[in-house]
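>>> okay, sequence plus prediction incoming.
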Amino acid sequence: MSGREGAIRLRTPVEEDHAGLVGVVDEWWGRHMQASLPRLWLQHFAGTSVMAERDGSASAVGFAIGFVSQDRPAEAYLHLVGVSPSHRRRGIGRALVDRWISQAHERGARHATTIAWPGDPAALAFLRAVGFRVDDGPGTRPLYGTPSRTDWNREGDDQVVLHRDC
Ligand SMILES: CC(C)(COP(=O)(O)OP(=O)(O)OC[C@H]1O[C@@H](n2cnc3c(N)ncnc32)[C@H](O)[C@@H]1OP(=O)(O)O)[C@@H](O)C(=O)NCCC(=O)NCCS
């Protein structure tokens, strides 16, 4: 993959990448996200995560963080995927998810799950474009036009649950 500033490199992150990533998530998401990226993700799930950076630069232009479930070894969970606003729509998000999925497959996962807020059409369009399907099974109800599950993480928290094969 190459961008205007040179090639984009994918690599496995390490714990030392945490400060750089937590420092950009609020800007990349446009809302408070730091609480969703505590250091433990880079301590315990770096091997099932992916970072994108420009060749010759130490700063990230994207990342995908997730894990293969200990309790459900055939399942992987994609916690966060984000790309710098100045590098979007160039295929970096897709490349991150593709790599993340193949790493999860190598570790034995055969299904992947993620969630997104029903009022975030860009995130939903992206996740669908990279192969996730919206769970529209029993118990879902349409919110902003997308089948959603209510009270997912707490009362009043609505989420779209999405799945794809690994
Ligand atoms: C969502 C996000 C990761 C996409 O990253 P990206 O590098 O721009 O994505 P890609 O260039 O690989 O896009 C792949 C496809 O997804 C779809 N897509 C991506 N961004 C989209 C958007 N804003 N609106 C509609 N569709 C979009 C398109 O089909 C795109 O293919 P195309 O560019 O050929 O049309 C990025 O916009 C982002 O970081 N957003 C904030 C964080 C977020 O919402 N993360 C997802 C939920 S955790």
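Looks like it came in fine.
>>> ok, the most centrally placed residue in the chain to the ligand distance?
Nearest residue to the geometric centre of the chain (Cα atoms, centre = their mean): Val81, 2.6 Å. Between Val81 and the ligand the computed distance is 5 Å (Cβ to the nearest ligand atom, to the nearest Å). C-beta coordinates here come from the backbone N, C-alpha and C atoms, glycine included.
>>> what does Ala116 give?
Taken as Cβ to the nearest ligand atom, the span from Ala116 to the ligand is 5 Å.
>>> do you know how far the nearest residue to that residue once chain neighbours are set aside is from Gly93?
The shortest distance from Ala116 to any non-neighbouring residue, by Cβ to Cβ, 6 or more residues apart in numbering, is to Ala123 (4.5 Å). Applying Cβ to Cβ, to the nearest Å, the value for Ala123 to Gly93 is 10 Å.
>>> in the sheet, who's paired with the residue nearest to the centre of the chain?
Val81 forms beta bridges with Ala64, as assigned by DSSP bridges.
>>> for it, what are its contacts?
62-65, 93, 96-97, 100, 114, 126 (Cβ atoms under 8 Å, 6 or more residues apart in numbering).
>>> point me to the helix or strand that includes whatever residue of the chain ends up closest to the ligand.
Going by Cβ to the nearest ligand atom, the ligand is nearest to Gly93 of the chain, at 2.7 Å. For Gly93, the host element (DSSP states H and E) is helix 92-106.
>>> which residues sit against that helix?
By Cβ under 8 Å, 6+ apart, helix 92-106 touches 1, 3, 8, 10, 47-50, 52, 61-64, 66, 68, 76, 78, 81, 83, 112, 126, 129-131, 164, 166.
>>> which among those end up buried?
Buried subset of these (neighbour count, 16 or more other Cβ atoms under 10 Å): 3, 8, 10, 48-50, 52, 61-64, 66, 68, 76, 78, 81, 83, 112, 126, 130-131, 164, 166.
>>> list the ones among the contacts of helix 92-106 that fall in strands.
Taking DSSP state E, the ones among the contacts of helix 92-106 that sit in strands are 3, 8, 10, 50, 52, 61-64, 66, 68, 76, 78, 81, 83, 112, 164.
>>> hmm, Ala112 is touching Val161, no?
No - contact criterion Cβ atoms under 8 Å: Ala112 and Val161 do not qualify, at 11.5 Å.
>>> show me what Ser148 bridges to in the sheet.
Arg141.
>>> cool, and Glu53?
Under the criterion used here (DSSP bridges), Glu53 is bridged to Arg9, Ala60.
>>> which residues of this structure lie near the ligand?
28-29, 80-83, 88-94, 116, 122-123, 125-126, 129 (Cβ under 6 Å from any ligand atom).
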